[in-house]
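[1] below: sequence and its predicted model.
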Amino acid sequence: MSVVFTTSLLSPYERADYWHNLVSETFIPLDVTLHEPVPSAWSITSERLGPLQISAVQAGRQSVSRDRRLISRGGEEFLTVTFQHTGTARLTQDGRRALVGPGTFTCPDAGRPYEREQPDHFRFTAIRVPKSGLGVPESDLRAVTGTVFSGDGGTSGLVAGFLRRLAERASGFDAYTGQQLAMTAMDLLAVLVRERQGRLDPYASDTARGMLARVKAYVLTCLSDPDLSPERIAAAHHISVRYLHKLFQPEGTTVGRWIRQERLERCRRDLSRRSGSAPAVTAVAQRWGFTNPSHFSRAFRAAYGMSPREWQCGARGE
């Protein structure tokens, strides 16, 4: 359900204080400096999708900043992915300055100081992401801060396309579907971070690293499909199956093992859920592409040292 906040019903002289409080309460503690002599009518519309908070913001000229004092007040556990729709911005963090235009996005880390200047009237969508859900080291996140990403091509384009559609349709998903899509969104962001940091394979060519990132991003959106195969993945990327396998060799795995690992991890997460009734092990397995219960049980035990049911009971304290 969307929650809408607007200054349109307030007098121009009441809007500034209201907006200062609203920005910090919606996102993280921030200092806000307004550059309009008389603030115009601005708005924030927010949705929750699993662990993600998605907020559409429309406002006038202003700057926001975050220093050590504000970091100590909370919010340091979040990364904010911000898609610029109209207007321009300047983001400064970790000694880098990004010039942001429509169709691009940035990923400031709330755990370290930054400043974002909006010299024009603007509209953007901000997705607040818990860094713990990305599964990447804090040091790797520095590769994406103070940096602008294209929303058109390459891995960043794939990530942008998925997140934009997710934001547009967030209100139409049920709780379970929203949770699963949010997990996929965080996995795709992790791929982007690893690609930018060079973690995919430091010895591969830029072309190979880019292709591997695109392959992984594609696979993560198709994990629930039991018919996902190397042949289908290769065809979707206009490469040979032989080349697809070659992309995974430097990582010490195969495409099949990587897919199984990612599916098992999602099953593990689902079986660890504490809220509501315990999901059936077979249903969780089928949800993530395992059609043979015996094969799933053997694979899960090999990966985590216990059966799926034992893991579920332990996670729920039964």
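    Yep, it's here. Just so we're clear, the structure is a prediction, and the values are computed from it rather than from any experiment. Numbers count the residues shown, from 1 in each chain.
[2] so, low pLDDT: which residues of this protein?
    Confidence mapping of the chain against pLDDT under 70 gives the ranges 198-207, 274-278, 316-318.
[3] what about the strands in it?
    Secondary structure of the chain by DSSP state E: the strands cover 3-6, 31-34, 43-49, 52-59, 62-66, 78-86, 89-93, 96-100, 104-106, 114-118, 122-130, 149-150.
[4] mind checking how far the second one is from the chain centre?
    Averaging C-alpha coordinates over strand 31-34 and over its chain gives two centres that are 26 Å apart (CA atoms, centre = their mean, to the nearest Å).
[5] now what about stretch 129-136, what contacts it?
    51-52, 77-81, 109, 111, 138, 141, 182-183, 185-186, 189-190, 193-194, 197, 199 (CB atoms under 8 Å, 6 or more residues apart in numbering). For glycine as for every other residue, the C-beta is placed from the backbone atoms N, C-alpha and C.
[6] repeat that with 10 Å
    The list of residues contacting stretch 129-136 from outside it, by CB atoms under 10 Å, 6 or more residues apart in numbering, reads 50-53, 76-81, 107, 109-111, 137-138, 140-141, 143-144, 163, 182-183, 185-194, 197, 199, 265, 269.
[7] show me which of those residues are buried.
    When burial is judged by neighbour count using 16 or more other CB atoms under 10 Å, the buried members of the contacts of stretch 129-136 are 50-53, 76, 78-81, 107, 109-111, 140-141, 143-144, 163, 182-183, 185-194, 197, 199, 265, 269.
[8] follow-up on the earlier one: point out the most buried one among the strands of the chain.
    Among these, ranked by average contacts under mean count of other CB atoms under 10 Å, first place goes to strand 104-106 (a mean of 23).
[9] can you list the strands that that one pairs with?
    The strands that strand 104-106 pairs with in its sheet are strand 78-86 (antiparallel), strand 149-150 (antiparallel) (by DSSP bridges).
[10] and those: which comes nearest residue 312?
    Across those, the minimum distance to residue 312, taken as CB to CB, is reached by strand 78-86, at 29.1 Å.
[11] pick out the residue closest to the middle of the chain.
    The centroid of the chain falls nearest to residue 186 when counting by CA atoms, centre = their mean (3.6 Å).
[12] return the distance of that one relative to residue 162.
    Noted for residue 186: a distance of 11 Å to residue 162, by CB to CB, to the nearest Å.
[13] next: residue 62.
    Here the distance between residue 62 and residue 162 works out to 29 Å (CB to CB).
[14] by contact count, what packs against the lengthiest helix in the chain?
    With residue count as the measure and DSSP state H as the assignment, the chain has helix 175-197 as its longest helix. Identification of packing neighbours for helix 175-197 by 3 or more CB pairs under 10 Å, 6 or more residues apart in numbering; DSSP states H and E yields strand 43-49, strand 52-59, strand 78-86, strand 122-130, helix 138-141, helix 154-169, helix 206-220, helix 255-271.
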